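Asks: with the input below, show me the fold.
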Amino acid sequence: MFAPVRQPLSLRPTFSPGLIASAAVVSVMFAATAFVFPPLVERFGLTTAQVGLYSTVQVAAFSIASFGAGRLLRTSRAILVLSALALVVANFMSGLAPGFTELVAMRGLAGLAAGTINWIAWAEAARQPAAMGRVAAIGPVAAAAGSIAFAPLIGGFGYESVFFLLAILGGVSLLLPIDVERGTRVGRQVSDSRSNLVLLVAMAGMTLFGSAAFVFIGLHLDGLDAPDWVLSVAMTGNALFGIAGTRVTGRRAWPWFTAVAVSVAMSFVTPFAWLSVLGLWLWGFAFWVTVPKVLRLLEERSDRPGERTGDAQGIMALGRIVGPVTGGGLEAAGGFVLLGAVSALGIAASGAAVGAVERYRSKETGDV
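Replies: Residues are numbered from 1 along each chain as shown. As a prediction, the model looks like this:
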């Protein structure tokens with residue numbers, strides 16, 4: 001599971017295997033959401049909107065940790081170890097949860113731990129903005145590996161086995177060498193760049209409308225009578241194409257927002273499973289071109305490296321909080337066609353905002 005993430009380890013000597021492994025577990029955890037939704041609906045008799053609470057609570061806690069840790073804490077080995085241990089406990093207890101309420105509570109704890117781990121990983125990466133694409137590759141690499149395992153695990157041992165696997169992987173990460181550079185507390189003193197604020201709002205919009213659709217892809221394919229293996233192929237391809245996307249350093253970010261919007265429409269508006277799969281593959285590629293590029297734009301107007309790392313992760317998480325609830329409501333109102341159409345338009349609008357910032361900065365520097 002952790003073998004494919006060796007490449008990002010060459011980023012810098014202090015970017016330790018334990019930190020990489022912990023960040024990979026976080027990525028695997030979020031990739032599992034689409035796989036566990038269908039069995040949760042069946043097990044507990046939930047509606048699409050109700051099962052979305054799982055993701056909402058998990059990501060809300062992730063957002064709180066991202067904002068809070070970035071403002072109040074200093075990166076350190078002790079914080080990483082405690083967070084990784086809390087993630088192990090939360091995942092293990094999720095596998096033992098007797099009801100949906102208990103499961104959601106454990107996902108809240110998992111979100112807090114995951115948000116702190118993710119903040120530390122990106123804070124380390126922010127010290128070398130040019131290498132962010134390589135660090136971003138951790139996410140899709142880990143998600144690809146997880147996507148291969150989830151469907152067989154759930155089919156053979158139930159959805160609980162996914163949480164036990166996450167707990168085991170978290171335990172392994174704690175056994176690896178961990179070295180985190182002690183950072184400085186950001187506090188409230190950040191750059192007053194207004195264009196950075198626009199970028200943060202655009203990232204929130206992209207993740208809001210993206211997650212509104214993405215977390216329900218398993219239910220959508222299930223409604224198209226696609227076999228279980230189709231979701232595995234779709235999600236694995238999404239992650240593998242995402243790895244390729246992290247290696248692309250496009251001059252502008254906004255065209256890739258448009259590509260994400262097109263991919264969402266392909267995934268949900270058409271009634272063909274094969275188009276949904278192709279859309280999900282394009283989605284992974286375009287998304288992972290976009291994120292490192294926007295993070296670099298934030299760093300360009302920051303007073304010091306990593307000052308907006310927690311804010312960026314937190315505001316993207318806020319988008320993911322509202323997303324599943326919004327997506328569930330849209331699906332209830334007009335099915336997956338309405339969900340896909342509204343999500344695609346929202347992402348395109350976010351891309352337009354990023355494009356406006358890029359044009360403004362180009363005129364300011366004369367790089368037109």
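
Asks: which stretches of this structure form helices?
Replies: Applying DSSP state H to the chain gives helices spanning 17-31, 33-44, 48-72, 77-96, 100-125, 132-136, 138-157, 160-175, 194-214, 217-223, 228-245, 254-268, 273-300, 309-365.

Asks: can you tell me which of the ones you listed is most buried?
Replies: Highest mean neighbour count of the helices of the chain: helix 17-31, a mean of 25 (counted as mean count of other CB atoms under 10 Å). In short, each C-beta sits where N, CA and C put it, glycine included.

Asks: how big is the angle separating that one from helix 194-214?
Replies: With axes from the mean of the first three to the mean of the last three CA atoms, to 10 degrees defining the directions, helix 17-31 sits at 60 degrees from helix 194-214.

Asks: show me what helix 17-31 is packed up against.
Replies: Contact analysis of helix 17-31 by 3 or more CB pairs under 8 Å, 6 or more residues apart in numbering; DSSP states H and E lists helix 77-96, helix 100-125, helix 138-157, helix 160-175 as its packing neighbours.

Asks: any idea which of these scores lowest on pLDDT?
Replies: Least confidently modelled of the helices and strands packed on helix 17-31 is helix 138-157, at a mean of 77 by mean pLDDT.

Asks: contact partners for Leu87?
Replies: Going by CB atoms under 8 Å, 6 or more residues apart in numbering, Leu87 touches Ser22, Val25, Val26, Met29, Ala110, Ala113, Ala114, Ile117, Leu166, Gly170.

Asks: how close does the fifth one sit to Met93?
Replies: Ala110 sits at a distance of 9 Å from Met93 (criterion: CB to CB, to the nearest Å).

Asks: just the first one next, same as before
Replies: Taken as CB to CB, the spacing of Ser22 relative to Met93 amounts to 18 Å.

Asks: out of the helices and strands packed on helix 17-31, which is closest to Val357?
Replies: Of all these, helix 100-125 sits nearest to Val357, with 20.5 Å by CB to CB.

Asks: Glu181: which of the helices of the chain is closest?
Replies: Among those, the nearest to Glu181 by CB to CB is helix 100-125 (6.7 Å).

Asks: helices or strands up against that closest one?
Replies: Judged by 3+ CB pairs under 8 Å, 6+ apart, the packing partners of helix 100-125 are helix 17-31, helix 33-44, helix 48-72, helix 77-96, helix 132-136, helix 309-365.

Asks: among those helices, which gets the worst mean confidence?
Replies: Looking at the helices and strands packed on helix 100-125, the bottom one is helix 132-136 with a mean of 58.

Asks: reformat the helices of the chain as a markdown table; add distance to Glu181.
Replies: Compiled in a markdown table, these are given as follows (distance: least, CB to CB, whole Å):
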| stretch | distance to Glu181 |
| --- | --- |
| helix 17-31 | 10 |
| helix 33-44 | 31 |
| helix 48-72 | 15 |
| helix 77-96 | 9 |
| helix 100-125 | 7 |
| helix 132-136 | 14 |
| helix 138-157 | 18 |
| helix 160-175 | 18 |
| helix 194-214 | 24 |
| helix 217-223 | 38 |
| helix 228-245 | 26 |
| helix 254-268 | 31 |
| helix 273-300 | 17 |
| helix 309-365 | 14 |
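
Asks: which outside residues touch stretch 36-43?
Replies: Residues from elsewhere that reach stretch 36-43, judged by CB under 8 Å, 6+ apart: 46-48, 51, 54, 100, 103, 154, 158-159, 162, 215-216, 218-219, 222.
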